[in-house]
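1. following is a predicted model, sequence given first.
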Amino acid sequence: MIELKQDRLIFRFPEVHDEARVSIEFQRTLRIPDDDREYPLPPGLGRFPLRHVDDFVANVPGSWIEHGGVMLPMYQSEALWVNFSGGYPCAVKVATGKIDAVTGKTLRPGLGRRPQNYVAIPEQPWLDGYCVEQGVIRQFVAMPLGAGYTAEEQITGEAEHGGLQVLVYPMKAEAYERLRSQPMEFGRSIFAGEMLCRSATFEGMGLAPGGRMRQQIFDDPHDLEDWDQAHVSRCFVHLANSLVWRQITDEHPPTVPPTAREYANAGLPWFEYYDDHLSAVRGSGILDKLKSVVQLGSEKGDVPVPENASVQGMPIVELRKGLRKGQVREGRF
């Protein structure tokens, strides 16, 4: 069962366990420079508004009605990250245009470990982009379908699906109870509350690879058999061009986010996240071969992003998870 509450998708599996629940939201953020440097995590600038597609059947394409789900507004070249919260373990597959954001392969039902085609919650607090190398992602950046920039178009040659697709599998109840009985602290997020440290013609939108960011996609610490693959909930998240969002919903889209340079000039923090007890997946050779928005734009003779100046010297806040109870973390000096 999926519910939309306060611009969050709430996935519940009461038939599996009373506590089987995970919350997913889509955070507005800075588009980091696409200059082949590796940047820390940018902040969250608030949730994207989410609306039921079924509430606007007269104003959206027929394919959106078929896919169901929800929609959110994005400006061209705007970035987002996906925020996960909840203490009950779930395996979450995230795809863009039905291309798996972890493996680069076509989205298919089911979970796999070689390679791992999902992220494990709560160990993975967020996902900012495509897993191109171990410890490195390329940021999710919105681009119009049909222009050739999206991951979907670069891999399949077609601009068919667009949007984001999310599939959630809960942990089996017996596996959860076994974990919960272990003496080590389990299932606690690094934050007690929200993870917010961090007239036009209709135009479909998809996601394309942007700048490089330091982020680990963690190896699943559980056994594949611990996941209940008999129960799955899935949601299609459609991306509406912000210029037509008002035509669809009669609501104003959010304001344009600041640029990375404006944010850095204000002296506001960026973030580094570590978990000392988890390893990271190696990254996808398929996704690593994709061209970024700026790289492809240069080849086309286009300027697909309005501002791409490099930034440096920004303050960085280190976030750590995984220290054992009573353990003292060594700092840098």
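-> It's in.

2. for residue 234, which non-adjacent residue is closest in space?
-> residue 167 (4.5 Å; Cβ to Cβ, 6 or more residues apart in numbering). The way it works is simple: take the backbone N, C-alpha and C, and place the C-beta from them, glycine included.

3. what's the one you found sitting at in phi/psi?
-> Dihedral angles phi and psi of residue 167 (degrees, to the nearest 10) take the values phi -120, psi 130.

4. with the one 10 residues further on instead?
-> Summarising the backbone geometry of residue 177 under the convention degrees, to the nearest 10, its torsions are phi -60, psi -40.

5. pull the number of nearby residues for it.
-> 11 (other Cβ atoms under 10 Å).

6. what do you get for the one 3 residues further on?
-> With neighbours defined by other Cβ under 10 Å, the count for residue 180 comes to 13.

7. and it, how far from residue 173?
-> Counting by Cβ to Cβ, to the nearest Å, the gap from residue 180 to residue 173 is 10 Å.

8. from what I can see the residue nearest to residue 234 touches residue 108, true?
-> No - Residue 167 lies out of contact with residue 108 (Cβ atoms under 8 Å); the separation is 9.8 Å.

9. neighbour count winner among those two?
-> residue 167 (22 against 12).

10. quick check: which ranges of the stretch 1-150 of the chain have low pLDDT?
-> Applying pLDDT under 70 to the stretch 1-150 of the chain flags no residue at all.

11. beta partners for the residue nearest to residue 214 when sequence neighbours are not counted?
-> Leaving aside its chain neighbours, residue 214 sits nearest to residue 38 (5.3 Å; criterion: Cβ to Cβ, 6+ apart). Bridge pairing for residue 38 (DSSP bridges) gives the partners residue 212.

12. and residue 38, what is it in contact with?
-> 136, 212-214 (Cβ atoms under 8 Å, 6 or more residues apart in numbering).

13. and for residue 251?
-> 49, 245.

14. what about residue 301, how many neighbours?
-> Quick note: residue 301 (other Cβ under 10 Å) scores 6 neighbours.

15. what do you get for residue 286?
-> Neighbours of residue 286 using other Cβ under 10 Å come to 18.

16. confirm that it sits in a strand.
-> No - read with DSSP: H, G, I helix; E, B strand; the rest coil, residue 286 is helix and lies in no strand.

17. what residues are up against it?
-> Applying Cβ under 8 Å, 6+ apart, the residues contacting residue 286 are 103-105, 155.

18. what of residue 97?
-> 150-153, 156, 160-163, 206-207.

19. can I get those in TSV with distance to residue 262 and neighbour count?
-> Formatted as TSV, those follow (distance: Cβ to Cβ, whole Å; neighbours: other Cβ atoms under 10 Å):
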residue	distance to residue 262	neighbour count
150	26	29
151	27	27
152	30	24
153	30	22
156	36	15
160	36	14
161	33	23
162	29	26
163	28	26
206	26	27
207	23	28
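
20. spell out the residue ranges of the helices in the stretch 101-250 of the chain.
-> 151-156, 173-180, 242-249 (DSSP state H, counting those that start in this stretch).

21. report the distance from the first one to the chain centre.
-> Looking back up the chat, that one is helix 151-156. 18 Å (Cα atoms, centre = their mean, to the nearest Å).

22. please name every helix or strand in contact with that helix.
-> With contacts taken as 3 or more Cβ pairs under 8 Å, 6 or more residues apart in numbering; DSSP states H and E, helix 151-156 sits against strand 99-100, strand 205-214.

23. between those, which one is nearest to residue 12?
-> Closest of the helices and strands packed on helix 151-156 to residue 12 is strand 99-100, at 24.1 Å (criterion: Cβ to Cβ).

24. so residue 41 is in contact with residue 269, correct?
-> No - using Cβ under 8 Å, residue 41 makes no contact with residue 269, being 9.8 Å away.

25. of the two, give the one with the bigger neighbour count.
-> Using other Cβ under 10 Å, the more surrounded residue of residue 41 and residue 269 is residue 41, with 25 against 15.

26. bridging residues for the closest residue to residue 24 other than its chain neighbours?
-> Nearest residue to residue 24 in three dimensions, chain neighbours excluded: residue 9, at 4.6 Å (Cβ to Cβ, 6+ apart). With DSSP bridges as the criterion, residue 9 is bridged to residue 4, residue 24.

27. now swap in residue 131 and tell me
-> Beta-bridge partners of residue 131, as defined by DSSP bridges: residue 137.

28. test my guess that it contacts residue 139.
-> No - using Cβ under 8 Å, residue 131 is not in contact with residue 139; the gap is 11.7 Å.

29. any idea of the angle whichever strand or helix holds residue 83 forms with strand 205-214?
-> Per DSSP states H and E: residue 83 is located in strand 79-85. Angle of strand 79-85 versus strand 205-214, following axes from the mean of the first three to the mean of the last three Cα atoms, to 10 degrees, is 80 degrees.
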